[in-house]
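*Asks:* here's my sequence, what's the structure:
(one chain, ligands or ions: 2)
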Amino acid sequence: MGTLRLILGDQLNHKHSWYEEQSDEVVYFMAEMRQETDYVTHHIQKVVAFFLTMRSFAGWLEDRGHRVIYYNLDAAENTQSLSKNLQQLITKEAISCFEYQLPDEYRLDEELSRFRESIKIPTNAYDTEHFMTSRTELGKFFEGKKQYTMEYFYRMMRKKYDILMVNDKDPEGGKWNFDHSNRNKWKGDTLIPHERGFRKDVSNIVQLLKDQKVETMGRINEQHFNWPTTRADGLSVLRYFCENLLVHFGDYQDAMDPNQPYLYHSRLSFALNSKLIDPQEVISYVIDHWRENMEEIATSQVEGFVRQILGWREYMRGMYWLQMPAFAKANHLENTNKLPDFYWTGNTKMNCLKCSITNSLDDAYAHHIQRLMVTGNYALLTMCDPAEVDKWYLGIYIDAIEWVEITNTRGMSQWADGGKIATKPYVSSGSYINKMSNYCKGCHYKVTKKTGEDACPFNSLYWNFLSEKRKHFEHNNRMTMMLSLLDKMDRNTLEAHQKRAARIIENPENY
Ligand code: FAD
Ligand code: SF4
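*Replies:* Ligands and ions are numbered 1, 2, ... in the order given. Purely as a prediction, here's the structure:
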């Protein structure tokens, strides 16, 4: 008789109060399951990263004297279903109490709620002790408001946690937001020091996935696996970021380059989302490092980074719980097209897409602007079904867990929630991509040409999208200028854009 405590694959929080005391009455349970490898086709690096991190976490618990039952994917007793595994263990181990941490995904939250109702023994659900807000805090903050403006939420969080504040009320550096300084194109004139990486040999897990015929996408270097899979790894990525990359984080946050897949981004999202490290310690570490190096690192770099974690990350979690489960079906713009096959191969003549998709397939990673303004932009301009778009983003990225994937994809990128997260759709013609990146120089298409077969496809797609969807944006102040440019466009030019856009949407593989 004893307590069974479930630890899900993204609940690897070493600092959780559960582990403060060791007890022989408590047994922890973790499992690699087909239920989790198969609910979407994942990037192979994502599956490997989760399994490796779970295994190292189980080892860490055992080293501290905790009892752990861990099912490998091919364990004989593994039913491959969470509820069945739990039921089986409760019977086998004569468990008298079941406890779990609240899942971050609606799907698992529902499953565990149903499960706890179905069993006769006492159950308890605990907080994961990871986030800086509760599930419902954002909903309460915006109660009665028409808009869910991230900036107001972010300011509330700065005050609540006294982060980058002066006298409890004013923002440090005189401004709440330094976003306008964060819009530089990277011209190759600053050094981007590269990490040595972890170079882990993960061939045993890759073999396991092959043997068990788990379907995956993307590529992996089995001998040089480079993602953090222990807490020490996560902290070392954080340290590396502070010492080498923070200095230009804000400057080049929106920049893109064909040869620099990471630029000055931190690559902390997997360590954060699996909970190896927590947002509060990341923010404190970054701010402490900045205070010791204020002569070299400008406030704008630090504020830009803090905003991502304290602002956007917590905001997205709150918006997820506010909008689920309806969110997962939202399709405000009624888009129904299929996502082109080249999203799984990178085989396209459009250089921005080719590079962003190739980076994603190679590394299970693309930075925010590649996700938003290249792959997301193209999917929205070609009016792809948000369910298809979600599936791709949920599978391909190392950090993709539904609460943060769907809010960014369906909400921010595909405007499927009708503007709750993004006040205007993130769409652009080729000129934005050219302004922020070095992709267009190496492209088959000419970004400055508006019409003709060698013109940048984004140009026709952009005007076609605005004219097709204008009824949705007519009362949106932030779209007034673009719609008035659309209205001023002569009929023949618009028709030429519409015809070309139709050809691109019908036969994306030709472009
Ligand atoms: P950095 O640029 O170094 O930023 C630091 C940290 O800030 C990130 O690690 C992340 O934790 C947080 N952050 C930054 N932007 C966001 C954001 N918009 N929402 C939430 N947190 C943010 N992020 C995920 O973690 N998982 C996803 O599945 C995911 N899907 C996305 C899909 C689309 C279409 C878009 C546009 C963005 C998505 N993002 C997602 C947000 C963002 O792109 C990634 O967090 C970021 O690229 C991760 O790389 P990094 O750690 O180097 O981030
Ligand atoms: Fe992308 Fe157009 Fe630039 Fe080519 S020209 S890289 S398609 S934006």
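
*Asks:* can you tell me how far W290 sits from ligand 2?
*Replies:* Distance, W290 to ligand 2, using C-beta to the nearest ligand atom, to the nearest Å: 35 Å. C-beta: built from backbone N, CA, C; applies to glycine.

*Asks:* skipping adjacent residues, who's closest to T41 in space?
*Replies:* G395 (4.9 Å; C-beta to C-beta, 6 or more residues apart in numbering).

*Asks:* also S134?
*Replies:* S134's closest residue in space is D127 (C-beta to C-beta, 6+ apart), at 7.7 Å.

*Asks:* again with Y106
*Replies:* M324 (4.5 Å).

*Asks:* from memory C355 sits against Y439, does it?
*Replies:* Yes. Contact criterion C-beta atoms under 8 Å: C355 and Y439 qualify, at 6.0 Å.

*Asks:* now T229. Its backbone dihedrals?
*Replies:* T229 adopts backbone torsions of phi -130, psi 10, taken as degrees, to the nearest 10.

*Asks:* switch to numbering from 2
*Replies:* Sure, I'll start numbering at 2, so the last one becomes T230.

*Asks:* model confidence score at it, please.
*Replies:* We have a pLDDT of 97 for T230.

*Asks:* point out where the stretch 152-301 of the chain drops to low pLDDT.
*Replies:* 197 (pLDDT under 70).

*Asks:* now the helices for it?
*Replies:* Under the criterion DSSP state H, counting those that start in this stretch, the stretch 152-301 of the chain contains helices at 204-212, 232-241, 270-274, 280-293, 300-307.

*Asks:* to T191, which of those lies closest?
*Replies:* helix 300-307 (12.4 Å; C-beta to C-beta).

*Asks:* how about the helix or strand following that closest one and ligand 1, any contact?
*Replies:* Using DSSP states H and E, the helix or strand that directly follows helix 300-307 along the chain is helix 315-324. Yes. Interface with ligand 1: helix 315-324 contributes M317 (C-beta under 6 Å from any ligand atom).

*Asks:* domain boundaries for this structure, per the record?
*Replies:* Split into domains by automatic domain parsing, the chain comes to 4-127, 138-324, 330-511.

*Asks:* so how far is the second one from its chain's centroid?
*Replies:* Right, domain 138-324. 11 Å (C-alpha atoms, centre = their mean, to the nearest Å).

*Asks:* try the last one
*Replies:* Shown here is domain 330-511, whose average C-alpha point lies 18 Å from the average C-alpha point of the whole chain (C-alpha atoms, centre = their mean).

*Asks:* likewise the shortest one?
*Replies:* Using C-alpha atoms, centre = their mean, we find the averaged C-alpha position of domain 4-127 to lie 23 Å away from the chain's own average C-alpha position.

*Asks:* make CSV from the helices of the stretch 152-301 of the chain and add mean neighbour count to it.
*Replies:* Formatted as CSV, those follow (neighbours: other C-beta atoms under 10 Å):
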stretch, mean neighbour count
helix 204-212, 15
helix 232-241, 18
helix 270-274, 24
helix 280-293, 17
helix 300-307, 23
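
*Asks:* out of those, which comes closest to ligand 1?
*Replies:* Closest of those to ligand 1 is helix 270-274, at 3.4 Å (criterion: C-beta to the nearest ligand atom).

*Asks:* what residues does the chain have near ligand 1?
*Replies:* Counting by C-beta under 6 Å from any ligand atom, the chain sits next to ligand 1 at 266-270, 273-274, 309-310, 313-314, 317, 368-369, 372-373, 377, 394, 398, 400-401, 405-406, 409-410, 413-414.

*Asks:* please identify the most buried of the domains of the chain.
*Replies:* Per-stretch averages of neighbours, counted by mean count of other C-beta atoms under 10 Å, single out domain 330-511 among the domains of the chain, with a mean of 19.

*Asks:* give me every residue in the stretch 352-501 of the chain lying close to ligand 2.
*Replies:* 352-353, 431, 434-435, 440-441, 444, 446, 448, 457-459.

*Asks:* which one of those residues is nearest to F179?
*Replies:* I434 (23.3 Å).

*Asks:* fine by me, thanks again.
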